[in-house]
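Asker: The following block contains a protein sequence and its predicted model.
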Amino acid sequence: MERSKRNIIFSCLLAVAILFGFSAITRAAYPERPITMICPYAGGEYALRPVANYVEKALGQPVIIVTKAGASATIACGLLASAKPDGYTLGQITFGPVTMGPHLYNINYDPLNSFEYIIGYGKWEYGPCVRSDSPFKTLKDLVDYAKANPGIIKYSTVGLATPTHFGMVHLAKAEGIKWEVVVFKDVQGAVTAGLGGHLQVVSQTTGTMLPYIKAGQVRLLASFSDVRCKWAPDIPTARDLGYNFDVVSWLSFGTPKGVPKEIMEKLRTVFKKAVNDPEVLSLMDKIFVNIAYRTPEEFKKLVEIGYKENEKVIRELGLHKSQQK
Amino acid sequence: MDYFSQIAYGFSIALTPVNLGYCFIGVFIGTLIGVLPGIGPVGTMSILLPTTFHIPPASAIIMLAGIYYGAMYGGSTTSILVNMPGEAASVVTCLDGYQMARQGRAGPALGIAAFGSFIAGTMSIIGLMLLAPPLSKAALAFGPPEYFSLMVVGMTLVIYLASKSIAKALMMVVLGLILGNVGIDATSGAHRFTFGILELHDGIGLIPMVMGLFGISEVLINVEQSLKREIFTKKVKGLLPTKQDWKDSKGPIARGSILGFLLGILPGGGAFISSFVSYAIEKKISKHPEKFGKGAIEGVAGPESANNSATGGAFIPLLTLGIPSNVVMAVLLGALLIYGVEPGPMMMKDHPDIVWGLIISMYIGNGMLILLNLPLIGIWIQILRIPYRLLFPLIILCCLIGVYSVNSSETEVFIMIIFGGVGYLMKKFEYEAAPMVLAFVLGPMLENALRQSLVISNGSFAIFFTRPISLVGLSLAILLVISPLIPWLSKRRPPIAED
C-alpha cells in the first residue's frame, strides 16, 4: 500500500476512535442540555412539577414540561414513542394510553413495546360518591336499591371506556345490576351534575373528590382500588366487600425504547430519589396524588395485564375500535 | 356575614406593597399573553406555577388570577387591530371592532373595549362579593336539561350574528354543526370524521380554527387587493371614544356585564359564549341593527364587557364550592391545593385572607389594567401605520408561533392554515364565519346535554318541560324564534340583514 493511502486510512481510524472516545465521554456527561418532559393532559403540568423540580436540581439541567394533550393521552404517547431515544425526551405515561387507548383509537405506537419505564410512581384511584344527603349510606345500600330498581340509578363518568366507567361496569356485572351511565366530557360537568343532585352517583377519581369528601359535601361509598384510600381509610375497598375486581390507573415516567443503558440507569436513580424525597412527597400529598412505587419491570407487567383485561371489558361493552362501523 | 370587616381585611392584604407588586406582574403578563395570539392564561399559569411555591398563597393567587383577567383585556387588541382573535372569547370583537379600525376608529374601539372591560370587571367583582353563595346554589341547579335549553337559546341567537345574507348564514351554521361533530362522540364512543387521524379524535381545535378563519383569511384578502392602497385609513379619528360613543355604549356595557357574570358562573359557560350572546342581544334590541358588522360600537362594548365579567363570575363556583368552571379555574384549584388550601364551602371561613385578599386585589387589578391599557392605545394605533406589506408577514408569524405554542402541535398549525384558505374563500363569496363558529361550539354542547338528559330521564323528552329552568329557557327560545312574526314585538324594525 502506498504511504499516503495508509496514512489516510490510519487517520480515519484514529478519527473514528477519537469520536467513539468522545461519545463515551459525552455519555458520561449526560445531561448536557435541557430535558423535555411531555405532559399528556391539559392543565396537568402542576402535578408533574414537584418531581420535575427535584430532577432538575439533581441533574443540573432544566426540565421543560411540554403539554401535548389530546385523544386521552395517546397523542403524547405517540410523540414520546417516536422521539429520539437519547434520554433528552421523557414523559408521563399513565395507564390509559397503554392499556385502554390502544383498543379504542388508531394509535401509532406499540403500547407493550414502544416504551421503557423509568419508574412507576403513583396511581389514580377511583370510587363512587354520593351527595351527603343521599339515602345511600354504604355501597350495599346502593347495590340493593339498584338491584330492586333497574335502570333508575344514573352515574356520571368522564368519558366512555375510562376507569371511571369501568369500576361501575365491573360492579354491575358482579351483582347483575342495570344502571345507566351519563357521560361527560370533563370533570367539572360530571362532578357538578352530582353535586346538583341531577344524578345519584358520581364515579370519579378519589383525588378529585377528596376536597368535597373532606368538606362533607359528598360521601365516598367504596374505593375501587387495590388498597383503601389513604385519605379515607375507613372506606372499604371493593375487594373488602367481597368483589373480585379493582380499577387502578398506574402512573409512571418513561422514555422511548432504546435509550442507552447508562443514561437509563442515571434517570432511574434520580427519579427514585425524587419519589422518595420528603418535600416532593408532601407536595404530592397536597394534590392528592397517591405515591405507589413500582419498579420498571413491575410496571411493564402491570401494563401487560391491564392491556389484556381492558381489551376484554372493552369488547364486552362493544366499544372496541374493530367493532366500530 | 359582616361585609365591612371582611372588606377591610381584604384591603389590608391586597394593599401591601408585595401583593400590589404581584398583582401588577400578574395583570401585566396577562395583558401580554392576551395580546399574543395562541398562548393563553392556562399555559402561562402552568409555567409560572412553580415559581409561586415559595411565596405566600395569597400573593400567588393574586398573581395567577391577574394573569387570567388581564388576558381578557389584551385579547381584544389584536381582534380590533388586525382581525386576529387573541383568544376564543375575542372572536366576536373582530366583527365590529376591526371594521371600526378600518374606518380610522381603532382608538375609540380599543378605548371602549378597555373601559367596558373595566366597568364590567368591577361590577362582576361586586357581584362576586355580595351574591356568591346564593348564585352558586343557582349554578348547581343547572344540570344537563338546563344546559340543553341554554344551548337552544344560544342557537336561536346565532342568526343575529349574520349581517349579510341569512340563507348563507344558515348554511354556515350547518357547516359549523358538521365540523363540530368531528371527533369521538362522548356518549357513545363512536368515531366521527376522524379518518384515523389521532389529532382529530378530540375534534378540530377552536383556537387554530378561529385564527385561520378570521386572522389568516383577512391577511389573504388584504394582500390580494392592491398593496398600494392602504388597508387602514391614515387619518385616525381621535384616540378616545366620543360622547356619542359613550351614549351608545352605556346600555351594552351594562347588559354585557350582567349577562357575562351570570353565564360565567355556569361551569362550561364562560367568556366565549357570553360574548356571542351579548353581541346577538345587542343587535336584536338595537334601533339600527343594520349597522352591526360595519363598525357599530355596541358590537364591541357589549361583548368585551361580557367576556370580562364572565371572568369574575367564573370565580364563584371555585370560591364557594370548590368547583372549577373552566380549565383556568382548574389550574387555580390545583395551585390552591398545593398551597395547602382545600377549596370548598369552608374556604371562605378557613382562609379569609386568600378569598378576600383575592377579591379586593381583583378591583385593584382592574384599575391597574385600565391605567396600563389606555396609554397603550396610542402605541397600538401606530402599529396600524406600518405599511401593510411589512405588517402582514409579522401577523402571519405571530399566528404560526402562537398556535404552535398552545399544544406544540404541527397539526394545529396545519388546521389553521387550512381554515385560513377556507376563510378566504368564504370572504370572497360573502359567507360569514361568525355563525359557523358559534354553531361549531354550541352544537356539540347541545348534543351532549340532550343525550345526557335523555339518559337521566330514561328517554322521556318531558324532562325539558317539567323542570322550571329548562322550561323557561325553551319558552324563551320559542319566543325568540316567533318574535319577528308577531307585529307588536317586531314593531316594523329594519331588517337585521340584507336578503
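Answerer: Great, that's in hand.

Asker: Give the buried residues for the helix or strand harbouring B:Ile364.
Answerer: Assigned by DSSP states H and E, B:Ile364 belongs to helix B:352-385. Within helix B:352-385, the residues that qualify as buried by neighbour count (16 or more other C-beta atoms under 10 Å in any protein chain shown) are B:353-366, B:368-370, B:372-374, B:376-377, B:380-381, B:384. Placement of C-beta: from N, CA and C, glycine included.

Asker: helices and strands around it, which ones?
Answerer: helix B:3-14, helix B:17-35, helix B:57-82, helix B:106-140, helix B:298-321, helix B:347-350 (3 or more C-beta pairs under 8 Å, 6 or more residues apart in numbering or on different chains; DSSP states H and E).

Asker: does the longest one come close to chain A?
Answerer: Yes - applying C-beta under 8 Å from any C-beta of the partner chain, one finds helix B:106-140 in contact with chain A at B:139-140.

Asker: Look at B:His54 and tell me its secondary structure.
Answerer: coil (DSSP: H, G, I helix; E, B strand; the rest coil).

Asker: Could you check how far it is from B:Val18?
Answerer: 13 Å (C-beta to C-beta, to the nearest Å).

Asker: which neighbours do the two share?
Answerer: Residues touching both B:His54 and B:Val18 (C-beta atoms under 8 Å, 6 or more residues apart in numbering or on different chains): none.

Asker: Which residues of the stretch 351-499 of chain B lie near chain A?
Answerer: Checking the stretch 351-499 of chain B against chain A by C-beta under 8 Å from any C-beta, the hits are B:407-409, B:448, B:452, B:455-456, B:458.

Asker: Strands - which of those land there?
Answerer: Taking DSSP state E, every one of those sits outside strands.

Asker: Enumerate every residue touching A:Gly70.
Answerer: Counting by C-beta under 8 Å, 6+ apart, A:Gly70 has contacts A:76, B:198-199, B:201-202, B:407, B:409.

Asker: How about the closest residue to chain A within the stretch 51-200 of chain B, nearest residue that isn't a chain neighbour?
Answerer: Nearest residue of the stretch 51-200 of chain B to chain A, counting by C-beta to the nearest C-beta: B:Gly143, 3.1 Å away. Excluding its sequence neighbours, the residue lying closest to B:Gly143 (C-beta to C-beta, 6 or more residues apart in numbering or on different chains) is A:His198, at 3.1 Å.

Asker: sec struct for the one you found, please.
Answerer: coil.

Asker: Check the gap between it and A:Val130 for me.
Answerer: 13 Å.

Asker: Once you drop chain neighbours, what's closest to B:Leu130?
Answerer: B:Tyr3 is the one closest to B:Leu130 (C-beta to C-beta, 6+ apart), at 7.7 Å.

Asker: Measure how buried that neighbour is and give me the count.
Answerer: 10 (other C-beta atoms under 10 Å in any protein chain shown).

Asker: pLDDT at it, what is it?
Answerer: The confidence metric pLDDT takes the value 71 at B:Tyr3.

Asker: Surely B:Ile281 and B:Gly302 touch.
Answerer: Yes - if you go by C-beta atoms under 8 Å, B:Ile281 and B:Gly302 touch, sitting 7.2 Å apart.

Asker: any shared contact partners between these two?
Answerer: B:Arg255.

Asker: Of these two, which one has the most company?
Answerer: Neighbour count, other C-beta under 10 Å: between B:Ile281 and B:Gly302, B:Gly302 has more, with 37 against 19.

Asker: So the closest residue to B:Pro317 other than its chain neighbours: helix, strand or coil?
Answerer: Spatial nearest neighbour of B:Pro317, excluding adjacent residues (C-beta to C-beta, 6+ apart): B:Ile323 at 4.3 Å. With three-state DSSP as the basis, B:Ile323 sits in coil.

Asker: If I look at the closest residue to chain B within the stretch 151-300 of chain A, what pLDDT would I see?
Answerer: The minimum distance from the stretch 151-300 of chain A to chain B, using C-beta to the nearest C-beta, falls at A:His198 (3.1 Å). With respect to pLDDT, A:His198 has a value of 90.

Asker: Need the phi and psi values for it.
Answerer: As for A:His198, its main-chain torsions (degrees, to the nearest 10) stand at phi -80, psi -20.

Asker: in terms of contact, does it touch A:Val191 like I think?
Answerer: No - taking C-beta under 8 Å as the definition, A:His198 is not a contact partner of A:Val191, at 11.2 Å.

Asker: element containing A:Thr36?
Answerer: Counting by DSSP H and E, A:Thr36 is found in strand A:35-39.

Asker: how about whichever helix or strand comes after that strand: buried residues?
Answerer: Counting by DSSP H and E, the element after strand A:35-39 in chain order, helix or strand, is helix A:45-59. Across helix A:45-59, burial judged by 16+ other C-beta under 10 Å covers A:45-56, A:59.

Asker: The following helix or strand past helix A:45-59 packs against which elements?
Answerer: Toward the C-terminal end, the helix or strand that comes next after helix A:45-59 (DSSP H and E) is strand A:63-67. Secondary-structure packing of strand A:63-67 (3+ C-beta pairs under 8 Å, 6+ apart): strand A:35-39, helix A:45-59, helix B:41-48.

Asker: returning to what we had before: now the residue nearest to B:Pro317. Its backbone dihedrals?
Answerer: phi -100, psi 120.

Asker: got a list of what B:Ile67 touches?
Answerer: Counted by C-beta under 8 Å, 6+ apart, B:Ile67 has contacts B:26-27, B:29-30, B:33, B:41, B:44-45, B:48.

Asker: Apply 10 Å and report the result again.
Answerer: Residues near B:Ile67 by C-beta atoms under 10 Å, 6 or more residues apart in numbering or on different chains: B:25-34, B:40-42, B:44-45, B:48, B:328, B:365.

Asker: Return the distance of the residue nearest to B:Leu130 relative to B:Trp356.
Answerer: From B:Tyr3 to B:Trp356 the distance is 10 Å (C-beta to C-beta).

Asker: Residues that sit against both of the two, list them.
Answerer: Common contacts of B:Tyr3 and B:Trp356 (C-beta under 10 Å, 6+ apart): B:Met129.
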